[in-house]
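Peer 1: Sequence and computational prediction follow.
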Amino acid sequence: MLKVLIVFFMLALVMSLGSGLYFLMADQGNLAKKRLFTSLGIRLALATGLITVIVFGVATGQLGHKNPWDAGTVERQQRTSETD
C-alpha cells in the first residue's frame, strides 16, 4: 500500500511539473495570472507529502534497503554474529 502511495505522489509531481511548464509558456509576461505560483505550491506540498511517506515507511520498517548487492554482506554479518 505504501509503495502505491509513493508511485501516486511521483506521478502527481510529474503532472504538476508539466502543468507548471505549460503555465510558464502560456502566461508569459502576464503578471495578473498566478497559475505558475499555484503549481509551484502544489508541487511543494506533493514533495513534502512524498518525503513524509518515505520517512514513515522507513521508520515503521515497511520500506528498507533490501538490495541484491548487499545480500553477501548481510549474510556474513549474521554468520559472524552467530559465531560470537
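Peer 2: Looks like it arrived, so ask away.
Peer 1: which regions of this protein lie under the pLDDT threshold?
Peer 2: For the chain, applying pLDDT under 70 flags the ranges 66-84.
Peer 1: What segments of it are helices?
Peer 2: Using DSSP state H, the helices of the chain run over 2-26, 35-60, 71-83.
Peer 1: Can you list phi and psi of Asn30 for me?
Peer 2: When read as degrees, to the nearest 10, the backbone of Asn30 gives phi -90, psi 100.
Peer 1: Oops, could you answer that again for Gly61 instead?
Peer 2: For Gly61, the backbone dihedrals are phi 90, psi 0 (criterion: degrees, to the nearest 10).
Peer 1: mind checking how far it is from Leu5?
Peer 2: 16 Å (C-beta to C-beta, to the nearest Å). Every C-beta, even on glycine, is put in place using the N, C-alpha and C of the backbone.
Peer 1: contacting residues for the residue nearest in space to the middle of the chain?
Peer 2: Centroid-nearest residue in the chain: Leu50, 4.3 Å away (criterion: C-alpha atoms, centre = their mean). Remark: with contacts taken as C-beta atoms under 8 Å, 6 or more residues apart in numbering, Leu50 is in contact with 6, 9-10, 13.
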